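Asks: Below is the sequence, then the predicted model.
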Amino acid sequence: MRKHLIKIFTLSLLTATTVFTSCESDNGSDINYSNEFKKRDNEFLKEHTPKISGSWKIEKMVVVPNNGSEIIKNDTILYNLGRIDVNVEEKEMEDDRVRFYFNGNFYFNEEVIPFRSSLVHPNLHDKSIYSLIQVDPKYFPEPSMNFDDLPEEYQLLADYFFNDNYDITSSEDGKTLIWKGLERSTKEIILTKID
């Protein structure tokens, strides 16, 4: 009986060791896959994000109405709206992840409205990048003003452009950008390179 229990214990121990070893091996492959995924994302971001840097003419902006604003009441296409200057910043890597942000200015009539992005993410499926675009808080005068007292240009952008995630695609020659709004009222912006 004792020999029988020893055999069962030994077999159980071998089985547990085999299971543990196979789990450890699987975790190792997850780590390798994760590192490969990061490497692929990093290469994609390094290739595509710098393409948005520069000065861009806003050729066309497709806007639909939203419930929070009365400025645009029908589906509208705005042509030659102004210019966007974009600066791309690469921050120090964390967890082996390349970190890109961008900021710039929106030139609309005589108004200059600074903006900034959140962390840029890759969209490998569509060969694009995406990020949240917000007005830079440095735009607002001191002391703070009532929204209705701010310039009409800012009001339009606040209601229809800012605080949305944009999927940004560059043409092969780098001379055209298409920004597609993912959640709010600006559905598409077509930009052409100035310099």
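Replies: In hand now; what should we look at?
Asks: going forward, measure contacts and count neighbours with C-alpha atoms only.
Replies: Fine.
Asks: Where do the strands of this protein begin and end?
Replies: Secondary structure of the chain (DSSP state E): strands at 54-63, 76-94, 97-108, 111-117, 121-123, 128-135, 164-170, 176-181, 186-193.
Asks: can you tell which of these is closest to Asn42?
Replies: Nearest of these to Asn42, taken as Cα to Cα: strand 97-108 at 5.5 Å.
Asks: Give me the most central residue, the chain.
Replies: For the chain, the residue nearest the mean C-alpha position is Ser131 (1.9 Å; Cα atoms, centre = their mean).
Asks: Per-residue pLDDT of that residue, please?
Replies: The score at Ser131 is 97. That number is its pLDDT.
Asks: Wait, it touches Asn165, no?
Replies: Yes. Using Cα atoms under 8 Å, Ser131 makes contact with Asn165 at a distance of 5.2 Å.
Asks: In stretch 154-170, which residues are buried?
Replies: Buried residues in stretch 154-170, counted by 16 or more other Cα atoms under 10 Å: 154-155, 157, 159-170.
Asks: Actually, stretch 94-112.
Replies: Neighbour-count burial for stretch 94-112, with 16+ other Cα under 10 Å as criterion, is recorded at Val98, Arg99, Phe100, Tyr101, Phe102, Asn103, Gly104, Asn105, Phe106, Tyr107, Phe108, Val112.
Asks: farthest-separated two in those?
Replies: Across the buried residues of stretch 94-112, the longest distance by Cα to Cα is 32.1 Å; it joins Val98 and Phe108.
Asks: Just the CA coordinates for stretch 118-137, please, in CSV.
Replies: Extracted as CSV, the C-alpha positions of stretch 118-137 are listed here (Å, rounded to 0.1, in the frame of the first residue of the first chain):
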residue,chain,number,x,y,z
SER,A,118,-3.2,63.2,-26.3
LEU,A,119,-0.8,60.3,-26.8
VAL,A,120,-0.7,59.2,-30.5
HIS,A,121,-1.9,55.6,-31.1
PRO,A,122,-1.3,53.5,-34.2
ASN,A,123,-4.1,52.1,-36.3
LEU,A,124,-2.2,49.4,-38.3
HIS,A,125,-5.3,48.1,-40.0
ASP,A,126,-6.1,51.4,-41.7
LYS,A,127,-2.4,52.6,-41.9
SER,A,128,-3.3,55.6,-39.8
ILE,A,129,-2.7,57.2,-36.4
TYR,A,130,-5.3,58.5,-34.0
SER,A,131,-5.4,60.9,-31.1
LEU,A,132,-7.6,63.2,-29.1
ILE,A,133,-7.4,66.9,-30.2
GLN,A,134,-8.1,69.6,-27.6
VAL,A,135,-7.7,73.4,-27.4
ASP,A,136,-4.5,74.3,-25.5
PRO,A,137,-5.5,76.0,-22.2
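Asks: Just the buried residues of it, please?
Replies: Val120, His121, Pro122, Asn123, Ser128, Ile129, Tyr130, Ser131, Leu132, Ile133, Gln134, Val135.
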